[in-house]
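Asks: What shape does this take:
(chains A, B, C, D, E and F, ligands or ions: 2)
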Amino acid sequence: MIADLPILSWALHITIGMVALAILLNVYRLLKGPDAPDRVLALDTLYINAIALIILLGIALDTRLYMESALLIAVMGFVGTVALAKYLKRGSVIE
Amino acid sequence: MQPIYEYVIAALLLTGGLFTLVGAIGLVRLPDFFTRLHAPTKATTLGVGAIMLGSVAYFSASGPGVHVAEILITVFLFLTAPVSANILAKAAMHLGVDRTPQTRGNPWDQ
Amino acid sequence: MTLSLVVLLPFLGAIAAPLFAQAGRTAIAIASSVPAVVALMALFPYWERLSEGGVLVQTYDWMPSIGLSLSFRLDGLSLLFALLILVIGLLIILYARYYLKPHENVGKFYALLLCFKGAMLGIVLSSNLLLMLVFWELTSLVSFLLISFWNHKKDARRGARMALAVTGGGGLALLAGILLIGRIVGSYELDDVLAAADLIKAHALYPFALTLVLLGAFTKSAQFPFHFWLPHAMQAPTPVSAYLHSATMVKAGIFLMARLYPALAGTEQWFYMVSFTGMATLLIGAYVALFKHDLKGLLAHSTVSHLGLITLLFGMGTRLAAVAALFHVINHATFKASLFMAAGIIDHETGTRDMRRINGLWRFMPHTATLAMVAASSMAGVPLLNGFLSKEMFFAESLALNLPGFWAYVPPLVATLAGIFAVAYSARFIHDVFFNGKPVDLPIYPPHEPPRYMKIPVEILVFACIMVGMFPAISIGPLLYAAASATLAGDVPDYQLAVMHGFNLPLLMSFLAFFGGLLMYSQRQRFFDFHARFKEIDEKAVFEKVAMRMEDLANAFTSKLESGSLQRYAMLFVLSAIAVAWGPIEELGWFIGANGLSPIDTPTLIGAAVLILCAIGTAAIHRSRFDALILLSVVGLMVALAFARFSAPDLAMTQLSVEVVTIVLLMMALYYMPSWTPIEESWPRRLRDIAIALVAGVGMTLITLAMLTQPFESISGYFLEHSKSGGGGTNVVNVILVDFRGFDTLGEITVLAIAALGIYTLLKNIQLTPPPGDGHGHAWTRDAYPVMLRQIARPMLPLALMISLYIFLRGHNMPGGGFIAGLITSVALVLQYIASGIQWTQARIPIRYHNVIGLGLLFAAVAGAGSYAFGYPFLTSTFGYITWPVVGKFEVASALVFDLGVYLTVIGATLLALVSLGNLSPHSATSQLKGGL
Amino acid sequence: MLARLGFPQPFLSLILFLVWQLLSDGVSGGSVVMGLILAWLLPRLTSSFWPERPAIVKGWLLPMYLLRVVWDIITASVVVARLVLSTRQPQPVFISYPLSLEHPLAITMLASTISLTPGTVSADVSDDNRMLLIHALDAEDEQEVIDTIRKRYEQPLEEIFQ
Amino acid sequence: MNHWLTAPILIPLLGGIIQIFIGYAPISLRRTLALATTVLLLVSTVALLALASDGSYRVYTFGNWAPPFGIVLVLDRLAALMLLMTAILAFFCHLFAIHKTDESSRQFHALFLFQLLGLNIAFLTGDLFNLFVAFEVLLIASYGLLMQGNGTKRTIPSLHYVVLNLAGSALFLISVGMLYSVTGTLNMADLAVKVPQVSAEDLPLVKAGGLMLLVVFGLKAAILPLCFWLPKAYGSATAPVAALFAVMTKVGFYAIVRVFTLVFGADAGPLANLGLDWLFPVALATLAMGVVGAIGARNLRTLITWQVIISIGTLLAAVGLGTEQGTSAALFYLLNTTWIVAGLFLVVDLIAGQRGAAADKIVTAPPMHNRTLLSVLFMLGAVAAAGLPPLSGFFAKLLILQATTPGPQMAWLWSVLIIGSFFTLVAYSRAGSIVFWRTVEGHVAQSERLTLPVTVAAGGLVAMAVVIVLLAGPISAYVDATAQQLFNSAEYLTTLHTPVVVGGL
Amino acid sequence: MELAYALTIGALTASGVYLLLRARTFPVIVGLTLLSYGVNLFLFSTGRLATGGQPILGSTDSYSDPLPQALVLTAIVIGFAMTAFVVVLALRKQADHHDDHVDGRESSARLIREDDEEEYDR
Ligand code: NA
Ligand code: NA
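Replies: Residues are numbered from 1 along each chain as shown, chains lettered A, B, ... in the order given. Ligands and ions are numbered 1, 2, ... in the order given. As a prediction, the model looks like this:
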């Protein structure tokens, strides 16, 4: 499907590359810190980029079967970030 | 699929990818946590949004029927990004992370 | 029938006897005599047949598979021993009636005594070696209990333990020996074994079998070097000493040698092992006996010595010697039992057994004295008493034994020397107790004669000594003959039992022994002084010390290995896994299978790099726990992406949701824990662990690589084929989960449920005080529920519910399903808890999560069992399609009910765990959200 | 009226209905029916979580507002992008913004808008919901920022709520 | 399709579910229902034994999917034996538990029943991955049970137990994965078919997988060097739990016997008798280790826990002979040791309850209130455990000793086993005589009086030593047949041809 | 592709094992989690690696092996349950012995003794 759309597939792969690169940069920040909030922020961004990656994967494979995965990443990423952030300033996540 | 679609989709994807990348670069380059906070909340969110639109367009154009589930994800992201930013900022202020010397004004910690 | 009855009766009596305990000692004594009396009457009719060398065998199957049968055998030999056991047993019962004090546990005593009698009869009547062994060990156990009858006494307990260790241990050796014999012969039936004598002696295993069997016999019959337990067994009440440790149990070893005489005897090994052991025992026992100041000590060592004598006779291997041995068994039983009883009486009447204090009892108890003196004379081998006769035969045999050269003189010399000692200690027994001046401050003074009936057993035995001594042929002749013919498998040598055989060497030896003994006793002080130079070793103390030492060593060794260090245990586990897998992995080497490697695309490569980086990173920075946690979530996310990348949408979703819940859980735990891990291990130690980890990692890498590049066939084609047609779903993974392998899923949700219940139990009444602030000295903020979060959390709930319903419904055909749906719902609720607190949320969803779990499991189970109603096996699913106006065509599948069970269980379990964890927080009570918002 | 039909929160019900259509990738008979059922059911199930109705009075103004926000988001991202890629050091500033909105939902919407739009992130809301702390990525003049926010976002929101 | 096969699974499952619901109901009700469930289970297992004793295989195809595609239960002699043994054990433990232990938590009975559920699945399943699931069920339940009762002394041993078993589960999955990655199947019978056909280059994978599986089962069975977690874990558990756990190590034993006779048995081609050469020496070492531990024990509990390890060493040594007789002997010994060790755990608890501060330490203490009864029970148990006549232990040992054929193996087994028995005998006599006889004046403040249920429970289990002796003939006949069935694995493969139900009723 | 995948599993295993051998409960739990990730990836890959072969009938023309996916799903769930339990057990350890050492060296030794004392005066 994608194969016979040269421009699109070219654009697609560029985009995938950019997102992948973005992920690498996030990981750099995540490892570097310096503070916990930076790491959490990087993680949150990582989640969002992962969504992008999944969507792109769906296009590349020409399937919508990963749409829910993307949705789930969005939900879980948010909850995860909230929990981590709350831990940072409140300690007890659920109380 | 008409070429026009193809170009639109390609453009959407590339824009999205670009903004995503910019967000990540911002995350790396900006001087302190609070400035870094801006990059993902805006650029990344938008970037992903654009990619979503690209996906919507692609699937609606390529196959029969419209496919719009991505919209939901995008909306969700736009709703949650500010909250994440807010709660992260609160955490950062609470922990009193360093700010660039240029910063004016003071954070709270309540 | 009869024989098994004879053996069984005492045991029945043992059960019955205690019931009479209340009725007094006389009643119980009478009750206890019943089995013996009945047994005697039962055996009497067979006397005719046996006296002509007949044999009576009665067999019933028990465990044919191991060649163990309830088969009993009555022949001359077993009759001889059976009579000893029964008759002396009766006398002992009578004697004990007066010996025991009313307040003592008479019931237990008689019960044990009867148990022993039964076991002993079992040994002598068994015709199956394994059966015999059963009774053999039983006697050891019972004697353990009888020796320690006065278990409040330390020495009694120790003596008992030592006896059990030695005899019980010997029994185990005997077991091995018997098994070997059984292996050689192919049967444990005595007839077969005796018939296979030549086969046995020729067999390669014969030396082992013989040694092991003799170990059993020697330990039981207190042969050197195992003799030491017997004197310490004297802590038992005197009736026990008289019965077990002189008349019967210690003769079991002798009996065994007699029983297996045709099968094992007559070889070099037999001769040397048995005769030399016997000789050593004979001498040592006799020597030590002389220096014992304790009455029973003297008797015990004399018993050892006499057992040695009998063993020596069996060892000599001549048929006459065997006859002499059997004859001495009888004689020793009679005079020694009576002596023990006499000693018991003295002890009973004077309150002590110390011959240095007991003197001149003749004046106080002439009657008892007479009896004791006669018995002692028999022990010394004074003519006209039974001891003399067998001793004469012994001397004769010692001469008849023609060994090469100088060795020819050894046996007669040893025999005479032992004889001298025997006379000496017998003389001491008589003189030192009944004469030799006045008693020295006896606990009970003045002593006098015991109750009339207490003397009767002694009288009977002494009478027997005299009868046999004067009229051996008529009194004991037939029985001895029967026994001998049974022992010697028929060919009995001709011998005559006469009071005198004229003047010959044996007689001379007797004279030497007699006067030598008296001389030695008269010069005793010299010998005592000489003996005093060697300090006596108390074997009991040694045994105890050894036991203690062993215990300490074992304990030290154990606690070295079982160090309670999880790190050690875990390492051992990992190393074991590596150890077993390493060989194959080496075979594998750097193996790339037939499919070869496929090219990799950049994003995947980056993903893999990120994953590896963060995995190693997590380990590298694990000491900063929160950071490790964040890296861990990256790893989790990347794993999810990997699942998506390699065509597993369901896995991707599951991984995502599980991972976030796990992270939340870990953070909730981290709240109560140090946020930093201290460095505890030394560098070498850490390097070692790193090395182990690397080896494990490399191993897994190689295995995975080889596996991934190899082509393979799996059963999965079937699932793809039948998923739609048979399972009614196009999401094959989900159909496998709820249908093809629904049973796995049932187990899986059960695990989830149990985990939640376990967690709930674990967190009941547990006290945890969280730190006031984080590791960096920031106090926690008061602001628990930020307004923006609260605002966004609200719409999330209905939204998430909708999404989970969507995921749930389409699960059967598209990625999704009950489990993922359940986790989405849970996470949505978790968000409410995070944003608004437990109290606020719980007030709005008043649900007991236990019930949700239960309901979930119930749904799943019921959905599975539903198919019973239609005659199909558990978990058989069904589905159909319905078409409605507007809505259109849609599917209804029974698997959906099952999946609903999964959905509910997941919600219940997840929330039960998280909420009970959250309830620990000290804030959970105080910091609740006021009002709505 | 809608409430009497069993839609205590018509706004939420509407959203849910739309969401269901989005999820089921477009409108079909089934999706409409199911959407209606859920739009009816879910608000009732979760009503206990909404003790009070969001006081939306002029709902029709909302789309306008949203469109404006979306446009601002795009421009905002461009601005940030330029700054990120430029070598110039940004001039960040913390601004305390006095709120005139009162309803928490409204405040949240404002805060969110601010976070998504040019160079600002709302960092915190005071406990008494009177003040908003804003972190501006790169601003010379605080007051200017405050004014823009006030007239561009807060006033429209005030119009929509109460 | 005989639905009876699901009884041992559904009964505890439903019973457990009920317990979850009635967690807050009065304890009397919970006890009644729970015990009723166990009794029902016992009955069903008796029925299954009756079924199985005809020597044929009965297969239950879950979801009506033909093997190897669906999960199957396979009932054969071995499975039935394990089920019945466990049910009897469980009944007595449960009886003991309703005296007091179950008051420690509202979930006790649920956990107890789920524990049985897991055990029964493990014994019945014919599917390797389902065996993993079964293991997880019984493990997670055991974690919960292990932590029953108050006090803090259980926490660390439990933690060790849990962590090690989690690592074990990981290894289990890896092994299953390796086997599947080559054979492409999970059904044990199908594995038995496929393993002999494995190609040369795949062989190492299967071999590694099989051997790792042995390590996993070894951890469960607690063989050297993976046995050190056991003494403290069992030693700190409440009595009925420790007693029930007597069967936990036997699950490892069962798994080894099942998998390594069926899948890696004599017919496994190049992988025939995989791991057997490891098993025998390791088992003997385990046995020796157990004896040393028993000698060094400073309290009765510890003594018994090491007895558990002695048992497993003995069992696997017998199996390690790789002969039919060896396995048959092991199965006979299995019954004896499982029940007796469990009984001893209970008896020791009763003893400890009457010795106040001394508890079960092997030290002097005031006399017990029920000294005679308890000493008799302990003595019976000890005699049976040490393998002395006339109780069951002796006959079991006899069978094992006879199962060897002359050669180095025989020399090793005989000497270790016999010398081992000797030292165990010494250890028990020492412990017993000190605990029961070396008493001091005075009396224990609150000596726990015996109640009927606990006495029956403890006595019942110990009495098994006599029951086995009385039924020695039939039992040995049964285990012989079982071993025969096991070693004729070709017969097992017929389970693959089980037809599915067509048309239902 | 396969090599990268294999290395990933190797890295996860190595890190997991290393942390498993630490002396504190928290790292051990993290290690177990990493280990289970590695194991899940391994088990998943026993069906071999496929791109775009989701086992959703009709979605593509060649499907990846669905069985390992189902197994891994079960494994994930069970692993989750186990992790949850061990986390709480670690908390229990912390509560009972006031440290998070897996063996609770000295402190626990003392506590255990006290514990026995409690049992003494029953
Ligand atoms: Na996360
Ligand atoms: Na004297």
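Asks: Skip ahead from the helix or strand hosting E:Leu95 and say which helix or strand is next.
Replies: Taking DSSP states H and E as the definition, E:Leu95 sits inside helix E:77-97. Per DSSP H and E, the first helix or strand lying C-terminal to helix E:77-97 is helix E:108-124.
Asks: Might one say that C:Lys455 is in contact with C:Leu371?
Replies: Yes - counting by C-beta atoms under 8 Å, C:Leu371 is a contact partner of C:Lys455 at 7.0 Å. Quick note: C-beta positions are derived from backbone N, CA and C, even for glycine.
Asks: residue ranges of the helices in the stretch 751-900 of chain C, please?
Replies: C:787-810, C:818-836, C:838-844, C:849-865, C:894-918 (DSSP state H, counting those that start in this stretch).
Asks: list the helices and strands the shortest one packs on?
Replies: What that stands for is helix C:838-844. Applying 3 or more C-beta pairs under 8 Å, 6 or more residues apart in numbering or on different chains; DSSP states H and E, we find helix C:838-844 packed against helix C:818-836, helix C:894-918, helix C:923-926.
Asks: Tell me the buried residues in it?
Replies: By 16 or more other C-beta atoms under 10 Å in any protein chain shown, the buried positions in helix C:838-844 come out as C:Ile838, C:Gln839, C:Trp840, C:Thr841, C:Gln842, C:Arg844.
Asks: what's the answer for stretch C:611-630, then?
Replies: Going by neighbour count (16+ other C-beta under 10 Å), the buried part of stretch C:611-630 is C:611-619, C:622-630.
Asks: okay, now the closest residue to F:Ala4 other than its chain neighbours: neighbour count?
Replies: What sits nearest to F:Ala4 in space, not counting adjacent residues and going by C-beta to C-beta, 6 or more residues apart in numbering or on different chains, is C:Ala608, at 4.1 Å. C:Ala608 is flanked by 22 other residues according to other C-beta atoms under 10 Å in any protein chain shown.
Asks: how near is C:Ala608 to ligand 1?
Replies: To ligand 1, C:Ala608 is 20 Å away according to C-beta to the ion, to the nearest Å.
Asks: Who are the contact partners of that residue?
Replies: Contacts for C:Ala608 (C-beta atoms under 8 Å, 6 or more residues apart in numbering or on different chains) come out as C:Ile600, F:Ala4, F:Tyr5, F:Leu7, F:Thr8.
Asks: element containing the last one?
Replies: When you say that, I think you mean F:Thr8. Using DSSP H and E, F:Thr8 sits in helix F:2-20.
Asks: which strands and helices sit next to that helix?
Replies: Looks like helix F:2-20 contacts helix C:566-588, helix C:602-620, helix C:625-645, helix C:683-708, helix F:25-45 (3+ C-beta pairs under 8 Å, 6+ apart).
Asks: Could you export those as JSON lines, including mean pLDDT?
Replies: Converted to JSON lines, these look like this (pLDDT from 0 to 100):
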{"stretch": "helix C:566-588", "mean pLDDT": "95"}
{"stretch": "helix C:602-620", "mean pLDDT": "95"}
{"stretch": "helix C:625-645", "mean pLDDT": "96"}
{"stretch": "helix C:683-708", "mean pLDDT": "96"}
{"stretch": "helix F:25-45", "mean pLDDT": "97"}
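Asks: Redo these as a markdown table? Include distance to E:Val59.
Replies: Shown next, in a markdown table, are those (distance: least, C-beta to C-beta, whole Å):
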| stretch | distance to E:Val59 |
| --- | --- |
| helix C:566-588 | 32 |
| helix C:602-620 | 43 |
| helix C:625-645 | 34 |
| helix C:683-708 | 30 |
| helix F:25-45 | 26 |
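Asks: so where's chain A uncertain?
Replies: Along chain A, the parts satisfying pLDDT under 70 run over A:1.
Asks: ok, 90 please
Replies: Residue ranges of chain A with pLDDT under 90: A:1-6, A:33-34, A:89-95.
Asks: I'd say C:Ile92 and C:Tyr110 touch.
Replies: No - using C-beta under 8 Å as the test, C:Ile92 is too far from C:Tyr110 to be in contact (10.2 Å).
Asks: quick check, D:Asn95 in a helix?
Replies: Check again: residue D:95 is Ile, not Asn. No - with DSSP: H, G, I helix; E, B strand; the rest coil as the criterion, D:Ile95 is assigned strand and is not in a helix.
Asks: Surely it is in contact with D:Ala136?
Replies: Yes - contact criterion C-beta under 8 Å: D:Ile95 and D:Ala136 qualify, at 6.0 Å.
Asks: Looking at those two, which is more packed in?
Replies: Counted by other C-beta under 10 Å, D:Ile95 and D:Ala136 do not tie: D:Ala136 has more neighbours, with 28 against 20.
Asks: Run through the helices of chain A in chain order.
Replies: A:6-32, A:36-61, A:67-90 (DSSP state H).
Asks: do you know which of those helices lies nearest chain D?
Replies: For these, proximity to chain D was assessed by C-beta to the nearest C-beta; helix A:67-90 is nearest, at 8.4 Å.
Asks: Quick check: chain neighbours aside, which residue is closest to D:Ala111?
Replies: D:Ser122 (4.0 Å).
Asks: In terms of helices and strands, where is the one you found?
Replies: Using DSSP H and E, D:Ser122 falls in strand D:120-125.
Asks: elements contacting that strand?
Replies: Contacts defined by 3+ C-beta pairs under 8 Å, 6+ apart place strand D:120-125 against helix B:33-39, helix B:69-95, helix D:104-116, strand D:131-136.
Asks: Apply 7 Å and report the result again.
Replies: helix B:69-95, helix D:104-116, strand D:131-136 (3 or more C-beta pairs under 7 Å, 6 or more residues apart in numbering or on different chains; DSSP states H and E).
Asks: How about the contacts made by the residue in chain A that chain D sits nearest to?
Replies: Closest contact between chain A and chain D, by C-beta to the nearest C-beta, is at A:Arg64 (7.5 Å). Residues near A:Arg64 by C-beta atoms under 7 Å, 6 or more residues apart in numbering or on different chains: A:Gly58, B:Phe59, B:His67.
Asks: what's the burial count for the first one?
Replies: Same thing as A:Gly58. Using other C-beta under 10 Å, A:Gly58 has 22 other residues around it.
Asks: Over to the one 4 residues further on?
Replies: Here the count is done by other C-beta under 10 Å, and A:Asp62 has 16 residues near it.
Asks: same thing with C:Val886?
Replies: Using other C-beta under 10 Å, C:Val886 is surrounded by 9 other residues.
Asks: Not counting sequence-adjacent ones, nearest residue to it?
Replies: Sequence neighbours aside, D:Gly29 is the residue nearest to C:Val886 in space, at 4.3 Å (criterion: C-beta to C-beta, 6+ apart).
Asks: Got the phi and psi for the one you found?
Replies: Taking degrees, to the nearest 10, you get phi -50, psi -50 for the backbone angles of D:Gly29.
Asks: one step back: E:Thr61: which of the helices of the stretch 751-900 of chain C is closest?
Replies: Closest approach to E:Thr61 among these (C-beta to C-beta): helix C:849-865, 13.1 Å.
Asks: How many neighbouring residues does the closest residue to chain F within chain A have?
Replies: Of all residues in chain A, the one sitting closest to chain F is A:Leu61 (4.1 Å; C-beta to the nearest C-beta). By other C-beta under 10 Å, the residues close to A:Leu61 number 21.
Asks: Identify the residues contacting it.
Replies: Counting by C-beta under 7 Å, 6+ apart, A:Leu61 has contacts F:Gly52.
Asks: now the one 5 residues further on
Replies: Contact analysis of A:Tyr66 by C-beta under 7 Å, 6+ apart lists A:Ile54, A:Leu57, A:Gly58, C:Ala644, C:Pro649.
Asks: follow-up on the earlier one: so what touches the strand holding D:Ser122?
Replies: Against strand D:120-125 from outside (C-beta under 7 Å, 6+ apart): B:37-38, B:41, B:82, B:85-86, B:89-90, B:93, B:107-108, C:787-788, D:107, D:111, D:114-115, D:132-136, D:145.
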